[in-house]
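>>> Need a 3D model of the following:
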Amino acid sequence: MQIFLKLIMQAINLQGLGVALITPFQSTGEIDEDALLRIVDLQLQNKVDYLVILGTTSEMPTLSTEERDRIVRLVVERVNGKIPIIVGLGGNNTLKTAQRLQNSDWTGISAILSVVPYYNKPTQEGIYQHYKYLADVSPLPIILYNVPGRTGANMSAETTLRLARDSKNIVAIKEASGNLEQIKQIIDNKPADFQVISGDDCLILPLVKMGASGVISVLGNAFPKETRLLTHAALNNDTATAEGLHLQLKTLCELLFIDGNPAGIKAILHHKELIENKLRLPLVPVTETTYTQIGQAIQALQQ
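The predicted structure follows:
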């Protein structure tokens, strides 16, 4: 089993740009499969490094089990092995999450992105034991996902490092705490083969400068070329190019989250005529003011 896991881990490339795919909906509320595949094709055409499906940006809590399975199969078939695919699977019930890990079909999937348990606010020891349990039973490598703004529980640098050292099946963390001091502590003290990934488009450049391996991006849904160029310029120490792209994308990055994610990115994609501006309740589209500002930022970027 350990040899098998080692081979899988060596095959995963988490350097560069990963894109957290949205779930497009029709005006009726049903999944717009054609729009989803258009966005996947856009990512492949612009050579993003990997895709993340069923993450925060996908509105995953509003999707049925059947819809989640359908999205996975659609994306896996479309990608056809060209780039790695990561699937989001987490929860605040450790045993239930473990059962899903063990009983799901992971054909075509490279790793699992698993969020810190939410709502019940575990201690650091509880977070550690949760992930250790999942890692011990998971048939795929696990990427930790720390996003305290959504979960109500921050995973400390000490807990992240402890997991990175204690489990070879935990290979990376998507860090979306926004706490640069905490992220730097992880980067400075992590095992050599453990990767730190930015969870924030606005922080690609500073985190890569610290030693992050790249980003799992929201903006990449709509601007994969520009986001990839920025990420790879930063990774290649091409500071001038990276800073220029960072400044070009800065306004859109900030507008993405004014009215919440994925409302912002769906507004951008609607401006680009790639999807309908539809979310599932309790999420709603951005305000008219934000929508107008997004349109102006897109025009400025394209000039």
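>>> helix or strand for Asp34, which one?
Per DSSP states H and E: Asp34 is located in helix 33-45.
>>> same for that helix, what does it pack against?
Helices and strands touching helix 33-45, by 3 or more Cβ pairs under 8 Å, 6 or more residues apart in numbering; DSSP states H and E, are helix 65-79. For glycine as for every other residue, the C-beta is placed from the backbone atoms N, C-alpha and C.
>>> Helix or strand next in line after the helix it packs on, which one?
strand 85-88.
>>> Now do the helix holding Asp34 and helix 65-79, the angle between them.
40 degrees (axes from the mean of the first three to the mean of the last three Cα atoms, to 10 degrees).
>>> Now do helix 33-45: everything it contacts.
Here helix 33-45 makes contact (Cβ atoms under 8 Å, 6 or more residues apart in numbering) with 19, 21-24, 51, 70-71, 74-75, 78-79, 82-83, 220-221, 224, 269, 274-276.
>>> Likewise for stretch 120-135?
Here stretch 120-135 makes contact (Cβ under 8 Å, 6+ apart) with 92, 94, 97-98, 101, 114, 116-117, 142, 144, 152-153, 155-156, 158-159, 162-163, 166-167, 169-170.
>>> If we use 7 Å, what do you get?
By Cβ atoms under 7 Å, 6 or more residues apart in numbering, the residues outside stretch 120-135 that reach it are 92, 94, 97-98, 101, 114, 116-117, 142, 144, 152-153, 155-156, 159, 162-163, 166-167, 169-170.
>>> ok, now stretch 70-79?
With contact meaning Cβ under 7 Å, 6+ apart, stretch 70-79 is reached by 23, 33, 36-37, 40, 44, 51, 53-54, 85, 87, 107-108.
>>> Filter the residues you listed down to the buried ones, PyMOL style.
A single PyMOL command selects the buried members of the contacts of stretch 70-79 (16 or more other Cβ atoms under 10 Å):
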select buried, resi 23+36+40+51+53+54+85+87+108
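>>> where do the strands sit along this structure?
Secondary structure of the chain by DSSP state E: the strands cover 16-20, 50-53, 85-88, 111-115, 142-146, 170-175, 195-198, 214-217.
>>> Okay, now the sheet partners of the last one, with direction.
Spelled out, it's strand 214-217. Strand 214-217 pairs in its sheet with strand 16-20 (parallel), strand 195-198 (parallel), by DSSP bridges.
>>> Dump the ones you listed to JSON lines, plus mean neighbour count, distance to Tyr133 and mean pLDDT.
Output for the strands paired with strand 214-217, formatted as JSON lines (neighbours: other Cβ atoms under 10 Å; distance: least, Cβ to Cβ, whole Å; pLDDT from 0 to 100):
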{"stretch": "strand 16-20", "mean neighbour count": "27", "distance to Tyr133": "25", "mean pLDDT": "98"}
{"stretch": "strand 195-198", "mean neighbour count": "24", "distance to Tyr133": "22", "mean pLDDT": "98"}
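>>> Minimum distance to Val286: which of these has it?
Nearest to Val286 among the strands paired with strand 214-217 is strand 16-20; the distance by Cβ to Cβ comes to 17.9 Å.
>>> how far is the closest one from where the chain is centred?
For strand 16-20, the separation from the chain centroid amounts to 7 Å (computed by Cα atoms, centre = their mean, to the nearest Å).
>>> For the helix holding Asp34, output the C-alpha coordinates as CSV.
In CSV, the C-alpha atoms belonging to helix 33-45 read as follows (Å, rounded to 0.1, in the frame of the first residue of the first chain):
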residue,chain,number,x,y,z
GLU,A,33,-23.4,20.8,-18.7
ASP,A,34,-22.5,22.5,-22.0
ALA,A,35,-21.3,25.6,-20.2
LEU,A,36,-19.3,23.4,-17.7
LEU,A,37,-17.5,21.7,-20.6
ARG,A,38,-16.8,25.0,-22.3
ILE,A,39,-15.1,26.2,-19.2
VAL,A,40,-13.1,23.0,-19.0
ASP,A,41,-12.1,23.4,-22.6
LEU,A,42,-11.0,26.9,-21.9
GLN,A,43,-8.7,25.7,-19.2
LEU,A,44,-7.2,23.0,-21.4
GLN,A,45,-6.6,25.4,-24.3
